[in-house]
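Asks: Below are the sequence and a predicted model; questions follow.
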Amino acid sequence: MSENIVAIQLDGKEINLPVVIGTENEKALDIAKLRAESGFITLDTGYKNTGATSSAITFLNGEEGILHYRGYDIADLAENASFTEVSYLLLYGELPSKDQLANFEASLATNSRLPEGFADLQKAFPSEAHPMSQLAAGICLLSNYYKRNTSDATDENIHTILGAFAPVAANIQRNFLNKDFVSSPGKGLVYDFLAMAFDEEPDEVIVDAMDKLLILHADHEQNCSTSTVRMVGSSHANIFASITGGINALWGPLHGGANQSVLEMLEAIKADGGNIKKYVAKAKDKDDPFRLMGFGHRVYKNFDPRAKIIKRAADNVLNKLGVKDETLSIAKKLEEIALSDSYFVERNLYPNVDFYSGIIYKAIGFPTEMFTVLFALGRIPGWVSNWKEMRDRKEPIGRPRQVYTGATLRKYTPISER
Ligand code: CMC
């Protein structure tokens, strides 16, 4: 990062702000000393224009639809790498050698054996509880099982949560479906997850599709859940508590919860006789709260590169599995109609990562309520990599400021006088 200075005038005083330039030429004004020097803060509700940190993990250019993990293009990784390789890359900055990958996989496998008694707690969750609620509670509960300091960014802490995440998620699916838990066949993270979540060992087509989907979800720079993980972790909360914050942020329908909402929307359109135009009109109507789920993105103002890959994968997986699903053709028609409509064109609203992923998850056999858990399973390497980066750099506690707009000082009135 190189630095030069920009001078601005505030209340007649010249303030010098350092310019920070990233390796992909992104430019930022460093305003850390602005308030001390001028009395001003910046205001940016929703962080539309605020960099909360600098990061060397993921590069995203929303105007051009570019997504790189540690310098590697997402399409390159989705085509050629495995999810565990990508997890290693995100965490440590480089692709692993054969030995490094084997050691990493062995460590994750060791940590996939959940602490004694933990599964009983998972079974005690009401099976009808939403899987994201079970995930947040489960991951937070895990923190009770370790005597060591789990707020340090050690490999031991990081591998513990990475290894445990998939079996915790698989148990959630089984609990949700009122099935007994099963043990892992020990054939790798993605294979084991599928084998534990379902009643039989998975087909190669399904393992490959799942691996690719997890890679596409693995990181996405400072989104709502990742910033939450960094924010919670900045108070030196332990890794389980920090990740639980991210899980809860992901659950919302404007973020990861959109994948469940997309499928529910497509099913609703199907049940409504496939009347796509009606739903497009509803999405455009400012008096109707309905939005086209799986459309639009805060950063992408061009195609989401992940959506392009997932759309192709959906066709491929459904063909290979011999599944005919009307929701896929509804999704394609909906995309076509929306992309030729001036409302969506003018606002740069394109399908995002959640638009087609649910169709693949459904074809594999996951219940709709599990979809956001699958997003979380993909995102866990991104969350821990950001958490590690934040702790390794000794970033200060996150504490935004505000502009106060409430009542000015007034006197307490006794209740008898109110
Ligand atoms: N359907 C209809 N109109 C939309 C949509 C949509 N899906 N998304 C944005 N708009 C309109 C919005 O009403 C606004 O119009 P106007 O300028 O006339 O007021 C304009 O587009 C800009 O939208 P915004 O809400 O100011 O944009 P944002 O950056 O704050 O929100 C978003 C981004 C993803 C929350 C939003 O596009 C959305 O709600 N999409 C549907 C939910 C969704 O698919 N979320 C998944 C996001 S990708 C994966 C992830 O992050 O987890």
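Replies: All right, it came through fine.

Asks: backbone phi and psi for A7, please?
Replies: Backbone dihedrals for A7, given as degrees, to the nearest 10, come out at phi -100, psi 130.

Asks: can you pull the contacts of the residue in the stretch 201-350 of the chain that the ligand sits nearest to?
Replies: Nearest residue of the stretch 201-350 of the chain to the ligand (CB to the nearest ligand atom) works out as G296 at 2.4 Å. All C-beta atoms are positioned from the backbone trio N, CA, C, and that covers glycine. Each residue near G296 by CB atoms under 8 Å, 6 or more residues apart in numbering is listed here: 347, 349-350, 352.

Asks: Could I get the pLDDT score of it?
Replies: pLDDT, G296: 94.

Asks: And the strands in the chain?
Replies: For the chain, the strands defined by DSSP state E occupy 2-10, 13-21, 27-29, 58-61, 66-69, 72-73.

Asks: buried set for the third one?
Replies: This points to strand 27-29. A28 (16 or more other CB atoms under 10 Å).

Asks: would CSV of the strands of the chain with mean pLDDT and distance to the ligand be doable?
Replies: Shown next, in CSV, are the strands of the chain (pLDDT from 0 to 100; distance: least, CB to the nearest ligand atom, whole Å):
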stretch, mean pLDDT, distance to the ligand
strand 2-10, 86, 26
strand 13-21, 96, 23
strand 27-29, 96, 19
strand 58-61, 97, 11
strand 66-69, 97, 12
strand 72-73, 98, 19
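
Asks: and V6, how many residues sit next to it?
Replies: Using other CB atoms under 10 Å, V6 has 12 other residues around it.

Asks: er, P289 actually
Replies: 7.

Asks: what does the one 10 residues further on give?
Replies: Using other CB under 10 Å as the criterion, V299 is surrounded by 16 other residues.

Asks: Skipping its backbone neighbours, what lies nearest it in space?
Replies: Counting by CB to CB, 6 or more residues apart in numbering, V299 lies nearest to G62, which is 3.7 Å off, once chain neighbours are set aside.

Asks: contacting residues around the one you found?
Replies: Here G62 is in contact with 297-302 (criterion: CB under 8 Å, 6+ apart).

Asks: any idea which of the residues you listed has the most stuff around it?
Replies: Y300 (25 neighbours).

Asks: Isn't that one up against R347?
Replies: No. Y300 lies out of contact with R347 (CB atoms under 8 Å); the separation is 11.9 Å.

Asks: quick revisit: any idea which of the contacts of G62 is closest to S82?
Replies: Nearest to S82 among the contacts of G62 is Y300, at 25.7 Å by CB to CB.

Asks: Next one, pLDDT for that closest one please.
Replies: pLDDT, read off for Y300, is 92.

Asks: do you know how far the residue lying closest to it once chain neighbours are set aside is from T45?
Replies: Excluding the flanking residues, the one nearest Y300 by CB to CB, 6+ apart is G62, at 4.5 Å. Distance of G62 to T45, given as CB to CB, to the nearest Å: 19 Å.

Asks: Contact partners for I206?
Replies: Residues in contact with I206, defined by CB under 8 Å, 6+ apart, are 194, 317, 321, 364.

Asks: If we use 10 Å, what do you get?
Replies: Each residue near I206 by CB atoms under 10 Å, 6 or more residues apart in numbering is listed here: 190-191, 194, 198, 317, 320-321, 360, 363-365.

Asks: which pair in these spans the largest distance?
Replies: Y191 and A363 (17.9 Å).

Asks: contacting residues for the residue nearest to A109 when sequence neighbours are not counted?
Replies: Nearest non-adjacent residue to A109, counting by CB to CB, 6+ apart: G186, 6.4 Å away. If you count contacts by CB under 10 Å, 6+ apart, G186 has them with 109, 112-113, 192, 195.

Asks: What pLDDT does the model give the single nearest residue of the stretch 1-150 of the chain relative to the ligand?
Replies: Relative to the ligand, the nearest point of the stretch 1-150 of the chain is G46 (6.1 Å; CB to the nearest ligand atom). You'll see G46 listed with a pLDDT of 97.

Asks: give me the low-pLDDT residue ranges for this structure?
Replies: Within the chain, the ranges that satisfy pLDDT under 70 run 1-3.

Asks: Up against the ligand, what does it have?
Replies: By CB under 6 Å from any ligand atom, the part of the chain that sits against the ligand consists of 223, 254-256, 258, 283, 291-298, 347, 349, 352-354.

Asks: In helices, which of those residues fall?
Replies: 258, 283, 354 (DSSP state H).

Asks: Most neighbours of all the residues you listed, which one?
Replies: Counting by other CB under 10 Å, top hit in these: D354 with 29 neighbours.

Asks: thought that residue was touching S261?
Replies: Yes. In this structure, D354 is within contact of S261 by CB atoms under 10 Å, at 8.0 Å.

Asks: what's the overlap in contacts for these two?
Replies: Common neighbours of D354 and S261, counting by CB under 10 Å, 6+ apart, are 253, 293-294, 371-372.

Asks: Can you select the buried ones from the residues you listed in ChimeraX?
Replies: Those of the shared contacts of D354 and S261 that count as buried under 16+ other CB under 10 Å are selected in ChimeraX with:
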select :253,293,294,371,372
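
Asks: Specify which member of the shared contacts of D354 and S261 is nearest to I243.
Replies: Using CB to CB, the shared contacts of D354 and S261 come closest to I243 at T372, 14.4 Å.

Asks: Can you report how many residues lie near I359?
Replies: 26.

Asks: That should have said K320, apologies.
Replies: When neighbours are defined as other CB under 10 Å, K320 has 15 of them.

Asks: again with K123
Replies: Residues within reach of K123, counting by other CB under 10 Å, total 13.

Asks: Kindly report the same for S151.
Replies: For S151, the count of nearby residues is 19 (other CB under 10 Å).

Asks: That one against I158, yeah?
Replies: No. In this structure, S151 is not within contact of I158 by CB under 10 Å, at 11.9 Å.

Asks: what sits in contact with each of those two?
Replies: Counting by CB under 10 Å, 6+ apart, the shared contacts of S151 and I158 are 239, 387.

Asks: mind listing what A7 touches?
Replies: 14-17.
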